[in-house]
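Undergrad: test case, fold it:
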Amino acid sequence: MKKNLNKILNEINIKADWIGIREVREITTYRSVRDGNPKANDRHLTHGILIEVLYNGQFGYYGTNKFDSKSIQNAASSALKQAKLASKWSLCSFDKDVRPKSVGKFSSYRENNNEISSDILNDILMKTNESIKVSDKIVSASSFFKIVETDINFVSSSGSEFSQDFLLMSIDFSATAQDGNIIQSRSANGRLAQSYQAGYEVFDEQALLNKAQIVGEQAVELLTAEECPTKKTNLVLAPDQMMLQIHESIGHPLEMDRILGDERNYAGWSFVRLKDFGNLKYGSDLLNVTFDPSLEGEFASYKFDDSGDVAKKEYLIKDGILLRGLGGVESQRRSKIEGVANFRSSSWNRSPIDRMANLNIEPGDSTFDEIIASVEDGVYMESNRSWSIDDYRNKFQFGCEYGKLIENGKLTKTIRNPNYRAISTPFWNSLKMVGNKDTFEYFGTPHCGKGEPNQAIRVGHASPVCFFENIDVFGGA
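TA: Below you'll find the model as predicted:
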């Protein structure tokens, strides 16, 4: 039940420069089937509030899942104590301007808001699991659905009052095939990449059965495929692999708290420096990267971040030049670099930090056929399988589930164990062609980890097909 946050705010008795209350109520439903056997049918609820207090230029936070007057007053007093302690060691002093007044509502895009019964969902899961098993060589098949219903309400002493409700869907299919010593796995666009803000229209039975069957067929196909060649060549990446590429070599390096040094101890630093904004040629002239929490259906769309800042589309990289960082209002104050409304937390018991949201590559002008036709020799790769990147988010090595050779402008043989390696800015400067809107696809991840204590947060990425030249590719042999 939604709490009367204004009543709670008015009853708090502390002397502070500003007080904010964020209520988060979240219901998560998991359903999974493996090899024809139900493995999970779980549903759990988390509900609490985070009280944040500004005192003498510093913020303090304290969360509670108890809503009686004494617990709330104790939480507010504890938050004030933290703020007072922090003010003695201040590196940057804040005021109420970093908690802008915002009023409004947001609700996830959905075509169908009618909930599907548990027995129907379980039946669809079982059928998709059967569809994956296209051959006796499929030794393991998994089907997974996750539904998250999140309600966030926020009020503050400066007059903010907004609410946001999210309906979040994640679907995952995977198959493992074996022939002697050869083992290959295939998923639907990479682990949990099919994550969206959507309604129950995503559980279209026939569409899911078709996708599950393709996963099984491609797992078997990979058993007899040739090993990916090892050479420097042209590389074409599908949107589901571009998701990981954007996430690791653009998203994390541009998070301002990393650049400012806050994350060095845990999640790492960044090769980007403050002087690079407005100057660094991050990629070729074709690279245009936007922060866009306004896209309907993408996994991390929202109207307000957790500071109350209104979220809108902004170019982080325009025509290859780095312009903005992924920094919320506090990081913008500290760095004096323009940022975006991405000050976010994972739940009621976490304080907000700089996080990616919807981070996308804008479409170009080339069709998929035009891109392939322009490649005399190269490799096409889909769906992330593995990743490794250094603490500065600079040198990386990524592996994909599925690949094809490109020979004389045509997709030819299927290859297994395709991998590639590069360094972030040289890689993005090798971008030669960008697919048009017809190649543009949304994907997401529900488990981007960062912060101490850790916060796993939802991130969306959308991209067209992209063509990079002169890249090191290699197989797994």
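
Undergrad: what pairs with the residue lying closest to F166 once chain neighbours are set aside across the strands?
TA: Nearest residue to F166, sequence neighbours excluded (C-beta to C-beta, 6 or more residues apart in numbering): T150, at 4.3 Å. Just so you know, the C-beta spots here come from the backbone N, C-alpha and C atoms, and that holds for glycine as well. For T150, the beta-bridge partners under DSSP bridges are E26, F166.

Undergrad: got the contact list for S93?
TA: Contacts of S93 were listed using C-beta atoms under 8 Å, 6 or more residues apart in numbering, and they are N56, G57, Q58.

Undergrad: ok, now how distant is the residue nearest to F166 from I72?
TA: From T150 across to I72, the span is 22 Å (C-beta to C-beta, to the nearest Å).

Undergrad: who's more crowded, the two?
TA: Applying other C-beta atoms under 10 Å to T150 and I72 shows that I72 carries more neighbours, namely 21 against 18.

Undergrad: and the pLDDT for that one?
TA: Turning to I72, the model gives it a pLDDT of 97.

Undergrad: so who does it touch?
TA: I72 touches I8, E11, I12, I49, I51, T64, K66, counting by C-beta under 8 Å, 6+ apart.

Undergrad: and the helices in this protein, which stretches?
TA: Assigned by DSSP state H, the helices in the chain fall at 5-11, 69-87, 118-132, 205-223, 239-246, 256-259, 329-335, 368-373, 424-429.

Undergrad: of all the ones you listed, which one is nearest H461?
TA: For H461, the closest of the helices of the chain is helix 239-246, at 4.1 Å, according to C-beta to C-beta.

Undergrad: coming back round to it: please indicate which of the contacts of I72 are buried?
TA: Listed as buried from the contacts of I72 are I8, I12, I49, I51, T64; burial here means 16 or more other C-beta atoms under 10 Å.

Undergrad: farthest pair within these?
TA: So, those by C-beta to C-beta: farthest apart are I12 and T64, at 12.0 Å.

Undergrad: quick check: neighbours shared by these two?
TA: Shared contacts of I12 and T64 (C-beta under 8 Å, 6+ apart): I51, I72.

Undergrad: just for the stretch 301-450 of the chain, where's the confidence low?
TA: Nowhere does the stretch 301-450 of the chain drop to pLDDT under 70.

Undergrad: nope, the stretch 1-150 of the chain is what I meant
TA: 1.

Undergrad: repeat that with 90
TA: 1-3, 90-91, 112-115, 118 (pLDDT under 90).

Undergrad: so I182 bridges to which residues?
TA: Those that pair with I182 in a beta bridge, by DSSP bridges, are D179.

Undergrad: from E226, how far out is it?
TA: Using C-beta to C-beta, we find I182 at a distance of 12 Å from E226.

Undergrad: now swap in K232 and tell me
TA: Between K232 and E226 the computed distance is 18 Å (C-beta to C-beta).

Undergrad: M256 now?
TA: Distance from M256 to E226, by C-beta to C-beta: 44 Å.

Undergrad: and if you look at W18?
TA: Going from W18 to E226 by C-beta to C-beta gives 63 Å.

Undergrad: ok, these two, which is more surrounded?
TA: The neighbour count for W18 versus E226, taken as other C-beta under 10 Å, is higher for W18 (18 against 13).

Undergrad: contact partners for the spatially closest residue to that one that is not a sequence neighbour?
TA: In this structure, W18 finds its nearest non-sequential neighbour in L54, 3.9 Å apart by C-beta to C-beta, 6+ apart. Counting by C-beta under 8 Å, 6+ apart, L54 makes contact with A16, D17, W18, I19, A83, F94, D95, K96, R99.

Undergrad: mind doing that once more with 10 Å?
TA: L54 makes contacts with 16-20, 60, 79-80, 83, 87, 94-96, 98-99, 156-158, as judged by C-beta atoms under 10 Å, 6 or more residues apart in numbering.

Undergrad: okay, the helices of the chain in a markdown table with distance to I389 next?
TA: Formatted as a markdown table, those follow (distance: least, C-beta to C-beta, whole Å):
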| stretch | distance to I389 |
| --- | --- |
| helix 5-11 | 41 |
| helix 69-87 | 32 |
| helix 118-132 | 31 |
| helix 205-223 | 25 |
| helix 239-246 | 10 |
| helix 256-259 | 13 |
| helix 329-335 | 22 |
| helix 368-373 | 25 |
| helix 424-429 | 8 |
